[in-house]
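Student: sequence first, predicted model second:
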Amino acid sequence: MNTALVQLKLRERQLQDELEQVWASMDSMLEAHEVRGPITPILVINTLKLMMLEGYGDWLVTPVERTGNVLVTSAEALKVSSEETGICPYLLRGTLSRAQRRPVLVCRDGKLILRVEGESSVGCLKGTA
């Protein structure tokens, strides 16, 4: 079998595993929301991560593009999610600067960048973002 095809299949499986982890995290967050009440910034950020991993969502205003090992979309999604949830966009940005469970979401140069593999994978965007 072609080495590139094997690597592609392995990468596809890794992304599927990451998506399942986010789904599991979302399930626990939704359960916590039902028990505890209001929507939290962490819940909003995890929802944005899930939308980016799936490639679509109500809060995304531009398509999600893959660049290396990261997914990129417009940071306008933070504004939309803020309007939809009532959580201040500055609070959402502040939440992004805190420690997160993987995959890690960052906001840089007007873009939301989701690192889907490794901590240094966003480095490939420095010249393009």
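Tutor: That came through fine.
Student: quick check, central residue of this protein?
Tutor: Nearest residue to the geometric centre of the chain (CA atoms, centre = their mean): residue 49, 2.4 Å.
Student: I figured that one hits residue 101, correct?
Tutor: No: with contact defined as CB atoms under 8 Å, residue 49 does not reach residue 101; the gap is 9.1 Å. Bear in mind the C-beta positions are built from the backbone N, C-alpha and C, glycine included.
Student: for residue 72, grab phi and psi.
Tutor: Per-residue torsions, residue 72: phi -130, psi 140 (degrees, to the nearest 10).
Student: flag the shaky bits of this protein, pLDDT-wise.
Tutor: The chain contains residues with pLDDT under 70 at 1, 26-37, 118-129.
Student: for residue 97, see how far away residue 108 is.
Tutor: The gap separating residue 108 from residue 97 is 11 Å, by CB to CB, to the nearest Å.
Student: neighbour count winner among the two?
Tutor: Taking other CB atoms under 10 Å, residue 108 and residue 97 do not tie; residue 108 has more neighbours (14 against 9).
Student: state the distance from that one to residue 79.
Tutor: 16 Å.
Student: now do the SS call for residue 102.
Tutor: Here residue 102 is coil, with the state taken from DSSP: H, G, I helix; E, B strand; the rest coil.
Student: contacts only, for the residue nearest to the centre of the chain.
Tutor: Residues near residue 49 by CB atoms under 8 Å, 6 or more residues apart in numbering: 22, 103, 105, 114.
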